[in-house]
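**Student:** okay, predicted coordinates and the sequence, questions at the end:
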Amino acid sequence: MSSAEAQRFVEVVTQTTESIKAQGKFDSDAFASELAAAEKTLAGETLRWMVGKEIKITAKGDVYGRKWDVDSYETILDSVLEREYQKNLIYQAVKEGSTSVRDISEKIGLELGRISYLLADLEKTNKVEFTGMKDRIPVFAVL
């Protein structure tokens, strides 16, 4: 590394460190739901399965013998993990008392249609259940 490159590296590290310090201490309580959803996603079977199959599928191929390039596989992995994280965010919201699709949307910021779609998946896997209607609005609870 040249002297100029080393100097630039030090500048970037210094700027980054100062920016982080200026933001102050991380308030984990303010992000408790998001952190719980992330932990549940990382501990889930889906991630273990996808990561466990990556080398086999990219090196030897899938069940049809087709080898996947790493970028394609990781694009799908990112998509699957985003979906799992969103499902876990919805689960956390319901667990914390948001019972309608609109309440969940206000808490986590996802679109109503996406929440409805993922709630159906959570129902199929017995994570949440439809408990009835309240003022003509579907109500959900965790199992």
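**Tutor:** That came through fine. Remember, it's a predicted structure, so these values are computed and weren't measured experimentally. Numbering: from 1, shown residues only.

**Student:** next, count neighbours for residue 74.
**Tutor:** Residue 74: 14 surrounding residues under other CB atoms under 10 Å. For glycine as for every other residue, the C-beta is placed from the backbone atoms N, C-alpha and C.

**Student:** go on, residue 96?
**Tutor:** So residue 96, with other CB under 10 Å, has 13 neighbours.

**Student:** which strands or helices does the longest helix seen in the chain pack on?
**Tutor:** In the chain, taking DSSP state H as the definition, the longest helix is helix 70-95. Applying 3 or more CB pairs under 8 Å, 6 or more residues apart in numbering; DSSP states H and E, one finds that helix 70-95 contacts helix 32-42, helix 45-59, helix 101-108, helix 112-124, strand 128-134, strand 137-142.

**Student:** include distance to residue 14, mean neighbour count and mean pLDDT when you put the ones you listed into TSV, please.
**Tutor:** Compiled in TSV, the helices and strands packed on helix 70-95 are given as follows (distance: least, CB to CB, whole Å; neighbours: other CB atoms under 10 Å; pLDDT from 0 to 100):
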stretch	distance to residue 14	mean neighbour count	mean pLDDT
helix 32-42	29	16	95
helix 45-59	35	13	94
helix 101-108	36	17	96
helix 112-124	41	15	96
strand 128-134	47	13	94
strand 137-142	46	15	94
